[in-house]
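In: with the input below, show me the fold.
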Amino acid sequence: MPVIYPVHQVWPKVGQNCFIAPNATIVGDVEMGDDCSIWFNAVIRGDVNSIRMGNKVNVQDGAVIHCTYEKTKAIIGNNVSIGHNAIVHGCVIEDNVLVGMGAIVMDNARVGSHTIIAAGAVVLENTVIEPGSVYAGVPAKKVKSIDEALIHGEIDRIANNYVMYSSWFKDLNP
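Out: Next comes the predicted model:
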């Protein structure tokens, strides 16, 4: 069973048709939309501030979403993939974004829609990521603009695949 706990009597809220892996952890002031998936060993900690997730968000294996006490919230749009072992901390991620494996997005950063944060990239505090871009490196810098093929070939494909993958495990959820 996943670890799902309240903090100060505030329970996480899970939308329709969501998959939560049996060893995922979700605590506190967390709200997720429909068709989301929280994968093995992922941690979503809404203990020190709120976390809001749109529809069709996948938080892959080992990823962490957290905030800073009384300072930053995490707001994640629709159709967002947060890659394996990524850290999303007290920031805004708009719609149609791929946060690559092992990437880190820090407090008060804002990631514009139709964007890819490359694997291993570090988006520093207060960084504003231009919509329709690929950012890579440490610290993350724009490396190119995204065309429609990349939006549909990577961002949409991965989000849609994770909805499909989650259907393979639906019988695990109580």
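In: how far out from the middle of the chain is the one helix or strand in the chain whose mean pLDDT sits lowest?
Out: Within the chain, no helix or strand scores below helix 148-150, which has a mean of 81 by mean pLDDT, DSSP states H and E. Put simply, helix 148-150 sits 21 Å off its chain's centre (CA atoms, centre = their mean, to the nearest Å).
In: what's the first helix or strand after it?
Out: As assigned by DSSP states H and E, the chain's next helix or strand after helix 148-150 is helix 157-167.
In: show me what that following helix is packed up against.
Out: strand 37-38, strand 58-59, strand 80-82 (3 or more CB pairs under 8 Å, 6 or more residues apart in numbering; DSSP states H and E). Quick note: C-beta positions are derived from backbone N, CA and C, even for glycine.
In: next up, the contacts around the closest residue to Asn49 other than its chain neighbours.
Out: With CB to CB, 6 or more residues apart in numbering as the criterion, Asn49 has its nearest non-adjacent residue at 3.6 Å, and that residue is Cys67. Taking CB atoms under 8 Å, 6 or more residues apart in numbering, we find Cys67 in contact with 45-46, 48-51, 73-74, 89-90, 107.
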